[in-house]
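Peer 1: model this:
(chains A, B and C)
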Amino acid sequence: MQVNLTVNGRPHSLLVEPRTHLADMLRETLNLTGTHLGCEQGVCGACTVLVDGKPQRSCITFAVDCGGAEVTTIEGFDADPTMTALREAFSAHHALQCGFCTPGMLVTARDVVLRLGETTEARLREELAGNLCRCTGYVGIVDAVTAVAAGRQPQAQQAVVATAAREAAPLLQAAEREATPTLMPAGGAMLEERVALAAAPEAAWAALADLRRVATCLPGAQLDSIEGERVAGRVGVALGPIKASFAGTGSVTLDEASRTGKLIGRGRDGASSAEGEVGWQVLPGAGGGSTLVVQLSWRLTGPLAQFGRAALVRDLVRRLAQQFAANLDAMVAGQAAPPARPLGLFALLWGLLKARLLGR
Amino acid sequence: MDGMDQHGPAVAGDGIGARLRRKEDARLLAGRGQYVSDIRIAGMRDVAFLRSPVAHARILSRRKPEGAEVFFLDDLAGVKPIITRSAIPGYKLSEWPVMAADRVRYVGEVVAMCLADSRAAAEDLCEQVEVEYEELTPITSCAAGRAPGAPLLHEHWGDNLFLQTSFDSGIAPVIESAPVKVELELSCARQTMHPMEGKGVVAWWDHRAGQLVVHSSTQVPHVIRAGLAEVLGIPQAMLRVAPPDIGGGFGYKCQLQPEEIGVAWLALTRKAAFRWVEDRREHLVAGANARQHHYKLTAYADTRGRLLGLDAEVSVDTGAYSVWPFTAVLEAAQAGGNLPGPYDFRAYRCKVFSVATNKPPFAPYRGVARPGVCFAIELTIDAIARAVGREAADVRAENLVPGAAMPYVNVTNKHYDSGDYPASLATVREMIGLDAFRAGPKRDAKGRYLGIGFATYTEQSAHGTKVFATWGLPLVPGHDQAHVKLTPDGALEVKAGIPTIGQGLETTLAQVAHEMLGVPIGDIRVTLGDTATTPFSTGAYASRGMVMAGGAVARAAEVVAGRVKAIAAHLLQAEAKDVVFRDGRIHAGAASVSYADIGTAWYIRPEQLPEGVDTGGLEATEGYKPETDNGVFSFASHAAKVAVDAETGHVEILDYCIAEDCGRMVNPMIVEGQTYGGAAQGVGSALFEESPYDEAGQPLASTLVDYLLPGPAELPRFRIRHTETLSPHTAHGIKGVGEGGAIAPAGAIVNAINDALSPLGALLSDIPASPERVLAAVARARA
Amino acid sequence: MKAAAFDYRSAGSVAEAVALLAEGETRVLAGGQSLGPSMNLRLARPQRLVDVKRVAELRDVAADDAVCRLGAGWTHAEIEDGAMADFSQGMLAQVAHGIAYRAVRNRGTLGGSLAHADPAADWVNTVVALGGTLVVQGPSGQRRVASEDFMLGAFTTALSGDEVLVAVELPRLGAQARWGYHKLCRKTGEFAKAIGVAVLDPGSGLARVLAGAVEGKPVTLPQTAERLREGGPAAALALLPEEAEARLAHLAPNERALRVVAVRRAIEAMAEG
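Peer 2: Okay, here's the model as predicted:
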């Protein structure tokens, strides 16, 4: 689609795909290759440019989202006195080696110098933290920016917008919650949920023997076929911006004696795959009722697995387990399972990786 | 030896020793540098690689989307796998296919190459390729790889060891008699090197030259030319490797890459232009290839803490294949050979295992093995000091090779050429204020625990031919070469095969040429790396550039200088011996001529030339390697002062001091930059950087949010003091400096953390010292 | 990596955005500072984005004596810089300053961060700590949701697919109010490992204590808050471990201990500030 914007003072009307980020448009369409791509994850800062005068990440800004914007890249500062002073100081203080981070570093440094004026070294280091340099240890960079900022005043405070009158309405109070979540971590990639059922163990187990119905209690799951122990189906995924459909197969085993059931499934979506195991067991409970124990464990492969913030998945799987247990409870009690929000095991796994990405 | 403070006076002028601004800065500051991804060639198309999502599997089937330009290994007719031979007995060969066809051995291994008009479209294609894997049990640690009955990565080996070596100088008597015995088990995390620019290659066919042109972001262009020609099966003359600006190397760009081969093959066979640029996710997943060592150490000492002997077992988590040309065992060879470090002891036994694992192939990262061995020996020294109840800095000083013992041949036959290691330690001890600290409080106002730690190392740099030959490399470096030419208008062209990767060689080689020939620095143009225009060099690695290429430039400039003087003497009616270079002109007594006058005489007005003028003219190509080529030993001591929050596990570096000696400094500003940058990477190793794997061999860090690189707010203001102990073996007494800064920080910082936590009795033994590890150590001590 | 293909629409009003969302397979794009990376990694693959950056209604500021209302479209940097009147005794500006990096703050928005619902995000924890109310607009008009009911879990909110977060309502803190905000990060700008927040406004009687950056929704500590109001910081600190033990029972002990440290330091910072 078409985008009209100004780059380094020159108006452009360009055709780009919506998915093209600003950095690629600058580099590939306008040949302004001074803007570098270091990570495309919004972390390293090499792609920092000015959009309407403010430093922004051009790798996580879509070009189509810059209609009407004024963009300034490293090539657009040749007449800028602050940038000229910074360039001079960067060379004098050996603030660059390979030079790859330098354009983004300069754009950030110029903003810091203009916005804050002379400041402390600690504040300066904090302000530069969004631009990674792998060569210099930042010693020369900090010295150079300090030298240019010396004696400068901070930018004048911008105008404060007017405050309108608000139609008085009190803030809402949240309902008081139970203090202790029922779910306890069972160690590793495994969670356990326990639900008290009114039905006696025999009755509860009998109700759980219908696999097709059990499967419908797994949020987002759809069972296509059952042949003996083999089941085939898919899991619809919708979590935040992520939607996908994992097709997979699994096996179900039921053990009457211990009133234990187990579904082991494996699904794929693109390069990622997930193996999950759902186990359930009916135990005698208080007052003639029973306790339903649901255990979930999982293993991920591919892009989905390759993140470090693994604790987040526990929250996601916990909510799945709770919903699954609640649905089983309802089923045993003779009610239809509530229409599940499309929140599948694999959705939860998707959530893990989404979680990895700059949650801001 | 003379000391000078940070930013102290440098040598006047623009030659060797001058604190000269860099010639490469102007274009880089303007955003007009040219990196691989900046190259534009008409019709160039983009390549994306499909990579294995699993660590270890048989490939059951592969299917391309219909009509799409997707390539499997079978399509690359005539392309050979990467097989890195070694002269070391017992070394086992791995066969690394350019793309996996029937077996994958690590997450990120290339399976298919997809071609489209944009990178985004090429990635779309990757998603449409169907590959069916049958998973095999992965080997995800050295212990698993060495365990009896472990599944095999390369079945015909019979085990999972690229190589096992052992060395024993005769430790048995020490084991019998030593009164103090200290045992440690230590580990270093797997790391990813993270030059800010990843790998990348643009390849095209030059119809006019009849050449395949490969613009690769490589530290070793001439070497890559040899390797690429071999796997592609073409003569080297048909191949030009021309690296553009390189956004950092650190060792990552030292080897022949499967992607490089694939893209070059496309250009060769299709006679067109193709581009692939590694993205950060690829770097993190397929490039996690460094630093992972495991140590079991037993040290023997006397009751004063004098180290008598060291018994070591080192395992290197080497990954799935052997890289070319540095092999899978360079790391292990360096680890076993360098573990004794700067210490004076004679009883040493060491077993080293290079274990094949389902991870990316190990590559030589800045410092190669020495950051690990320095960490290991420095923690050992502190452990001995604890065992004998003495100040670690004292014990360390008493164990270092004393200056009076130089030159010193150590227990592993390293020839330490010069230097006063205890004096270096004393310098940082004074800079960091150890004695005042010991007299003061052990906790700060916030309740954090305070500590100081030290590490001293000696770094073999510019390893010579003999050294590399003992490491069995398939391509042993010899002389580095350089070409120097005076132009008709009196400027100087310097050409060398070593590329510029941020280390400032365009400036420092010009300084060397200026030193020898006197041409004004602004009139010297340095061209590096392009195999079509520069003489042979094995490249920029192993802290060798300034010694080797610098030596070659000095030699070539010296030859040209002699010829310039001969012509100048004739023009000035003087004796050549009376001709001197000064202030940008050529003088004999009161008279002088310009370099342009000399150029004019040779090229334009040859009638002005003397009889019998050297027909070599105003240009020369010369090679250099030190006559004694055991490598030259730079050295340094680092001291860290830390505050440890025992509630959160957070470590803050309060002060960091470095006493550094790399022989003659060609440009002190650049020496400092190299040292600061190396130290910053060392801090990364010590506190932040880690590429963890789960038990299935899945890498758990695929973004820079998972893999933490230290930023300006996490790093201290490094303080540095230089000494210059000239190497007796090299031109101008220069030693290497590129890697050194990265070697000592983990040892110094973890020693400081352990010093800080000593009131709690907590000890760290693994790096990075993440908050989790610090808290676990505190919890262990409290349990 | 490059994002998978998608369609892009820019909305001029909330109503227009809601109408586009109601057509299905559409996701709101605010600052895109979380969505962008996940799209570049092809983890998020929306079919269509509706950009609300140019919607003027999302930049309203309104207040009465007790409550201020901030449009969802304000960027973190604008809040950091004080582009609107300060209703929080400086709390919002300081929290904003601690979000990621300036270049991210220049584009990322208050509403985008809340709708993204990362448990480690600063606004998620701040708005719950203040007991705010979120204003949400869908096809049938606006509704208000208590902040504690808004986030259902990690990356999951009470927003339905055709709703847009329009504004955040927060209590106006009086001149006597004090607050403490402490987050544990390994690195400047990175995800918090733990967040502690304490707010005490003697004028309005507001007292809130929160333990955040847990794996799911933030956890409030009402008994500790009550002690804070009645007995001050020392009393609150005395009760904190016990209430944390109960309310953070789902966390491993070492993870729980980190939250206690963060909350304790927030209360201490409040007492000192």
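
Peer 1: doesn't residue A:147 lie inside a helix?
Peer 2: Yes - Residue A:147 sits within a helix when classified using DSSP: H, G, I helix; E, B strand; the rest coil.

Peer 1: residue A:90 is in contact with that one, correct?
Peer 2: No - using Cβ atoms under 8 Å, residue A:147 is not in contact with residue A:90, being 9.7 Å away. In this view, the C-beta of every residue, glycine as well, is placed from N, C-alpha and C.

Peer 1: separation between the residue in the stretch 101-250 of chain A that chain B sits nearest to and chain C?
Peer 2: Nearest to chain B, among the residues of the stretch 101-250 of chain A, is residue A:137, at 3.4 Å (Cβ to the nearest Cβ). Residue A:137 sits 16 Å away from chain C, going by Cβ to the nearest Cβ, to the nearest Å.

Peer 1: residue A:147 and residue A:90: which has the busier surroundings?
Peer 2: residue A:90 (27 against 16; other Cβ atoms under 10 Å in any protein chain shown).

Peer 1: how near is the more buried one to residue B:194?
Peer 2: 21 Å (Cβ to Cβ, to the nearest Å).

Peer 1: and if you look at residue B:151?
Peer 2: Distance, residue B:151 to residue B:194, by Cβ to Cβ: 31 Å.

Peer 1: same thing with residue C:222?
Peer 2: Distance of residue C:222 to residue B:194, computed by Cβ to Cβ: 45 Å.

Peer 1: repeat for residue C:118
Peer 2: Distance from residue C:118 to residue B:194, by Cβ to Cβ: 25 Å.

Peer 1: cool, and residue A:198?
Peer 2: From residue A:198 to residue B:194 the distance is 58 Å (Cβ to Cβ).

Peer 1: and those two? which has more neighbours close in?
Peer 2: residue B:194 (27 against 14).

Peer 1: name the SS class of that one, please.
Peer 2: coil.

Peer 1: do a quick rundown of the strands in chain A.
Peer 2: A:2-7, A:10-15, A:48-51, A:54-57, A:70-72, A:164-165, A:184-185, A:190-197, A:221-227, A:230-239, A:242-255, A:260-269, A:272-284, A:290-301 (DSSP state E).

Peer 1: redo the ones you listed as TSV? Include mean pLDDT.
Peer 2: Compiled in TSV, these are given as follows (pLDDT from 0 to 100):
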stretch	mean pLDDT
strand A:2-7	98
strand A:10-15	98
strand A:48-51	98
strand A:54-57	98
strand A:70-72	98
strand A:164-165	93
strand A:184-185	38
strand A:190-197	75
strand A:221-227	76
strand A:230-239	65
strand A:242-255	70
strand A:260-269	78
strand A:272-284	79
strand A:290-301	76
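
Peer 1: just put the ones you listed in a markdown table and tack on distance to residue B:743.
Peer 2: Converted to a markdown table, those look like this (distance: least, Cβ to Cβ, whole Å):
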| stretch | distance to residue B:743 |
| --- | --- |
| strand A:2-7 | 45 |
| strand A:10-15 | 49 |
| strand A:48-51 | 32 |
| strand A:54-57 | 34 |
| strand A:70-72 | 41 |
| strand A:164-165 | 62 |
| strand A:184-185 | 41 |
| strand A:190-197 | 42 |
| strand A:221-227 | 54 |
| strand A:230-239 | 45 |
| strand A:242-255 | 44 |
| strand A:260-269 | 44 |
| strand A:272-284 | 39 |
| strand A:290-301 | 37 |
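
Peer 1: check the stretch 51-200 of chain C for the residue nearest chain B and tell me.
Peer 2: For the stretch 51-200 of chain C, Cβ to the nearest Cβ, closest residue to chain B: residue C:188, 3.9 Å.

Peer 1: surely that residue and residue A:129 touch.
Peer 2: Yes - contact criterion Cβ under 8 Å: residue C:188 and residue A:129 qualify, at 4.0 Å.

Peer 1: look at residue 163 and say how many residues are nearby.
Peer 2: I'll assume chain A. Burial of residue A:163, expressed as a neighbour count using other Cβ under 10 Å, amounts to 16.

Peer 1: ah, no, chain C please
Peer 2: Neighbours of residue C:163 (other Cβ under 10 Å): 24.

Peer 1: and it, what is it in contact with?
Peer 2: Listed by Cβ atoms under 8 Å, 6 or more residues apart in numbering or on different chains, the contact set of residue C:163 reads C:18, C:21, C:136, C:137, C:138.

Peer 1: please report how far the residue nearest to the last one when sequence neighbours are not counted lies from residue C:19.
Peer 2: Leaving out its chain neighbours, the residue that sits closest to residue C:138 by Cβ to Cβ, 6 or more residues apart in numbering or on different chains is residue C:163, at 4.1 Å. Counting by Cβ to Cβ, the separation of residue C:163 from residue C:19 is 12 Å.
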